[in-house]
Each structure stands twice: as C-alpha cells, then as structure tokens.
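K.L.:
Please work out how this folds:
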Amino acid sequence: MRALISVWDKTGVDSLARGLAELGWELVSSGGTATFLEGQGLDVTRVETVTGAPEMLGGRVKTLHPRIHAGILARRDLPEDLETIAAHAITPIDLVCVSLYPFSSVAGRRGATEAEVVEMIDVGGPSMLRAAAKNFAHVAALSSPAQYDAVLAELREEGAVSLTTRRELAGAAFATTAAYEAAIATWFGDTEPFPSQVTLAFEKITELPYGENPHQAAAFYAEIGARRHLLSEVQQLGGKDLSFNNLGDLEGARKISREFSLPAVVIVKHANPCGVAMAATIDEAWERALAADPVSAFGCVATLNRPVNAALGARIAEHFVEVLVAPEYDDGALEALRTKKSLRILWDHERRSETTGERDFKRVLGGLLIQDRDIDVADREAMNVVCGEVPEQAWGDLLFAWCVCKHVSSNAIVIAKDLQTLGIGAGQMSRVDSVRIAVEKAREHGHDLAGSVLASDAFFPFADGAQLALDAGVTAVIQPGGSRRDAEVVAAVESAGAAMVFTGRRHFRH
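P.N.:
Okay, the predicted model is just below:
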C-alpha cells in the first residue's frame, strides 16, 4: 500500500506517517514534507524518484505528473486501467494526505504584497485532493489533521479504510478545495464592490445547543478568508455554552458599544437595545443603562467598554444577565460573577473598529440580498438645524440618540436625556406607534421626559408622531427629513418651541 503525503500544516502528520509505516505502507512525499518526515526517522520515497523528474520552478511543479495522478486515479476494478499503469510501471496510490497552502492567512495579513498572496495559491495540492476524492471508491483523501487518528484507528482495527469512510473523506476534501477556491476568487474580486458572481465559503466554529427555538438545530460558521469573526477575539471565562440567540444579541450589542469612546454600557434584548448609557465611570453607566428599562433587561446581553471591577461585578451578579461582555475583569469581579453558574462571561480582546469592506447578507428564497454595512458616522457638521436652537448639551444627547437609533429595528424611535436612553420603540409598522411605545416605556419606569430628545431612523410622514413626543416633554428631534410633509412636521416642532435637526441620511434596519 502506498500513501502520498504533502502538507503545509505539519500538525499530527508525523504520527500519521509513523502509524502508516508501522502497518507496512510505503510513504511518498515531496519537498518540505519529505524533509520533515525524514527528520522524524522515517523512510520516505521522494516524489522526484517516482516521477523521474526534478522539482521545477521553485517548487511550483513537483506532483503534476502522470506517475502521480495516474497512480491516484487508476480504478482498481477496471482491467484496462490496471493494464495501463502496469505498462508504464506506475504503482497505485491508496491514500492521499494534503493540507493546502495558507492562502487565507496570508491574504488577510496586513501589509501582505500581491506577490506573497499569489505564491500561496496552491495548484498541486488541490489537484491531488480532487483526484483522490473523485476516486474515493479506491483511495482515501485526507484533507485535515482532524481526520488522521480516526483513519489510523480504522486501518489498525479493520486493515483498510471502509468505503463509507472514504466517501465521507471525499466530501470533506471537495468542501476543502471549494472553500479554498472561493477564498481565492473573493480575493481577486475584491476590486469590485458587487461582482457578477459571489462565491462564499464558511467553516464551522462550533455547534450550538439549538437555534432560535429548541426544536431547531444550529451551528455557528465563520466566513473563510475573513480577518475576524464574532468570536475570534472572545474568550469565555464562565457560564453555559453560547446559544444561537446569544450570538445574535452579542453582534447587536457590540455594534452599538463600538459607537462610543466614553464609558458606556449597552443592554440588548431580542436584538434591540433596551438600555444604553454613557457616564463618567463604567459603574455609573451600568446603573443608568439598567435603570433605562430594568424589566426588559431581565435575561439580557450586556456589553461594557471598560474593565469590570469587583464592586461592579457584584452589582451585575444581582441581576439575571445571560451574557456579559467586557474588555477585562479583575479577580474580584470574576469571583462574584461566577456565582451565577449560567452567566456567560466573555472577555473581549477585539480592539479594531468595523471596516468599510464588510458586507451584510440577508437570506431570501433561493438567494441573498447583499449590501454595504451601515457604519455611517454621525457627522454634526453635515446636519441641518431646520428650526429652533440646539444647546451644546442637547447636541450631545441628539448625537447619542442618533447613534443608538441606527441599531434599533425599524420603525425606530429613541428618546434620550443626559446620555441615557429613556424609552425605545422598535419594530413597529407605524412610526407613531413606535413613538407611543417609547413614551410609554419611559413613563413606565418613572423617567422625566422634560428636556429629553428624540431620534427617528427615518422621516416622520405626518406631524402626529412628532407631536406625541413634544406633548410628552421632548424638546429636540433628530431625523433624516425628506418627507413630502416635512413642512408640517417642522411647523409642529417650531410651534412647540422645540428644535429639529435633519441629518439627510436614514438608518432603516429590517
């Protein structure tokens, strides 16, 4: 039996090769893999010995040869195939083990040159894997170190790799090469914002306990070639496994949290913020964010953009929080938080901001809707005060409310005061209903709306929504503008002695 081994990632390959050798297999290898295995004291037949040709073009050509590919592709149950390889003195290859060049790692590295990336486009590796996978009836195709132990165990126990296993390995091999090619195609197509063809590939990061509901199975996948993913810079320090809904809320909470540089706390429930606050200290920000809507905060995801101290950890532990995210925890905080056995404590190492190159995807029947990610920065200079005067403190509240509103499901209304949300209306079909909900939420929790501000993610189609807020005590409104009835809305605000700002930009989020 003959095994061809050619791997970039040497993890576990010495154990695999040694196990095969102990079972009497001949090891064929090339270049760095052959040198590595010889360094482990193993006998290796080098590829150039098999092909009768030296490696060429700096190693670009070594396995692309009939003596390699005919050995892989020969069908053992077809006499004519066996006669052909016998006539050319070609020995069949029964197992192919390949790990591909790390294209995605190099392409995603800051400062990598085009020449460096292109050199990581593997040609021979995918060709061998695809050949072995195509001939799975007779050949085992190994494409990941995670497969080595199981294949060795099967060989030791059964004397051969079963057809069922070979078929599973073939599927994994084709998935590997498909994802590899997708990453390369994405890199080449990165010059176009919306190329004519989009090829996406994802790898499973973890299985999840269940989906949105217990009867739905679920897993979390990361896009291959992406520089980071939702959990790539996150370490879990305690609590139960993260759920599907936890991850969805975590994404939303982190997006809002990254809007603010001052100490801030964001509390999210069902993908919408229910309490957001900034303050001089993170302890105060927690108290104010929780006070915004303590009922909705029950079973929430909360993000803090400052370290958690022991006292704050103890305060948070008094409440039912599903997921807590912070850049650091001191020992006392962890001790207090870990008394809540189900609390998922996440240490977030991510320090990078969002990039303009990322896209948002929404699954629809038979396809995807793709758009630029909404990472618009609130630019006060580009906004227009259409009536009233806006004091400096009110500007701070307006910009704060506008940043939060961007992350609330449409129709979205955010009422805020002193850098604290007081009431949020989300996901309503009618904008006036969103205003009504935001006002009622604020009153329900005893918030004084006098002097508060309101943000709306899109224009007010009528004056009724704005009027409802003005009657409740709102003194400044920020909205995109652009309605045919803008004049009516502005007149209502002006007659109430309030101010209105047009941003000229909306933030729908469906």
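K.L.:
Average pLDDT for whatever helix or strand A132 lives in, rounded please.
P.N.:
Element membership for A132 (DSSP states H and E) is helix 124-134. When pLDDT is averaged over helix 124-134, the result is 92.
K.L.:
now what about it, what contacts it?
P.N.:
Contact partners of helix 124-134, identified using CB atoms under 8 Å, 6 or more residues apart in numbering, comprise 4, 6, 8, 61-64, 68-69, 72-73, 93, 95-96, 98-101, 139-141, 143, 169-171, 173-174, 176-177, 180-181. Any C-beta I mention is one placed from the backbone N, CA and C, and that applies to glycine too.
K.L.:
Report the buried residues of stretch 214-230.
P.N.:
220, 222-225, 227, 230 (16 or more other CB atoms under 10 Å).
K.L.:
Also stretch 36-52?
P.N.:
Buried residues in stretch 36-52, counted by 16+ other CB under 10 Å: 36-37, 42, 44, 46-48, 50-51.
K.L.:
So for stretch 270-284, first residue to last residue, what's the gap.
P.N.:
Its first and final residues considered, stretch 270-284 spans 24 Å by CA to CA, to the nearest Å.
K.L.:
Which of the contacts of helix 124-134 fall within strands?
P.N.:
Among the contacts of helix 124-134, the subset assigned to strands under DSSP state E consists of 4, 6, 95-96, 98-99, 140-141.
K.L.:
Check the separation of the first and last residues in stretch 227-243.
P.N.:
Stretch 227-243 has an end-to-end distance of 23 Å (CA to CA).
K.L.:
and it, average pLDDT?
P.N.:
Taken as a whole, stretch 227-243 has a mean pLDDT of 90.
K.L.:
Show residues contacting that stretch.
P.N.:
The list of residues contacting stretch 227-243 from outside it, by CB under 8 Å, 6+ apart, reads 108, 205-206, 208-210, 220, 222-223, 247, 250-251, 323, 325, 329, 334, 337-338, 340-350, 352.
K.L.:
Tell me, what's the model's pLDDT at G59?
P.N.:
Reported pLDDT for G59: 67.
K.L.:
Also G31?
P.N.:
Confidence for G31, expressed as pLDDT, is 81.
K.L.:
R109 now?
P.N.:
77.
K.L.:
quick revisit: now neighbour count and pLDDT too, for the ones in strands among the contacts of helix 124-134, in JSON lines please.
P.N.:
Converted to JSON lines, the ones in strands among the contacts of helix 124-134 look like this (neighbours: other CB atoms under 10 Å; pLDDT from 0 to 100):
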{"residue": "L4", "neighbour count": "26", "pLDDT": "94"}
{"residue": "S6", "neighbour count": "26", "pLDDT": "92"}
{"residue": "L95", "neighbour count": "25", "pLDDT": "96"}
{"residue": "V96", "neighbour count": "30", "pLDDT": "95"}
{"residue": "V98", "neighbour count": "27", "pLDDT": "94"}
{"residue": "S99", "neighbour count": "22", "pLDDT": "92"}
{"residue": "A140", "neighbour count": "25", "pLDDT": "95"}
{"residue": "A141", "neighbour count": "29", "pLDDT": "96"}
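K.L.:
in the stretch 251-400 of the chain, which ranges drop under the pLDDT threshold?
P.N.:
Residues of the stretch 251-400 of the chain that meet the criterion pLDDT under 70 lie in 352-357.
K.L.:
Which stretches in it count as helices?
P.N.:
According to DSSP state H, counting those that start in this stretch, the stretch 251-400 of the chain carries its helices in the segments 282-292, 310-317, 331-337, 392-405.
K.L.:
Mind giving me the packing neighbours of the third one?
P.N.:
What it means is helix 331-337. Where contact means 3 or more CB pairs under 8 Å, 6 or more residues apart in numbering; DSSP states H and E, helix 331-337 is packed against strand 234-238, helix 310-317.
K.L.:
Repeat the analysis, applying 7 Å as the threshold.
P.N.:
Helix 331-337 sits against helix 310-317, with contacts defined as 3 or more CB pairs under 7 Å, 6 or more residues apart in numbering; DSSP states H and E.
K.L.:
buried set for the helix it packs on?
P.N.:
Residues of helix 310-317 classed as buried under the neighbour-count rule (16+ other CB under 10 Å) are 310, 312-317.
K.L.:
From what I see, A326 and V308 are in contact.
P.N.:
Yes - contact criterion CB atoms under 7 Å: A326 and V308 qualify, at 4.8 Å.
K.L.:
if you count what's nearby, which of the two comes out ahead?
P.N.:
Neighbour totals were compared for A326 and V308, and V308 leads with 28 against 25 (other CB atoms under 10 Å).
K.L.:
for that one, what are its contacts?
P.N.:
Under the criterion of CB atoms under 7 Å, 6 or more residues apart in numbering, the contact partners of V308 comprise 326, 329, 333.
K.L.:
And for A317?
P.N.:
With contacts taken as CB under 7 Å, 6+ apart, A317 has the following neighbours: 336-337, 339-340.
K.L.:
from those, which would you call buried?
P.N.:
Among those, those that count as buried by neighbour count (16+ other CB under 10 Å) are 336-337, 340.
K.L.:
Quick check: of those, which lies closest to G396?
P.N.:
L337 (31.6 Å; CB to CB).
K.L.:
how close does the closest one sit to E233?
P.N.:
When distances are taken as CB to CB, to the nearest Å, L337 and E233 turn out to be 20 Å apart.
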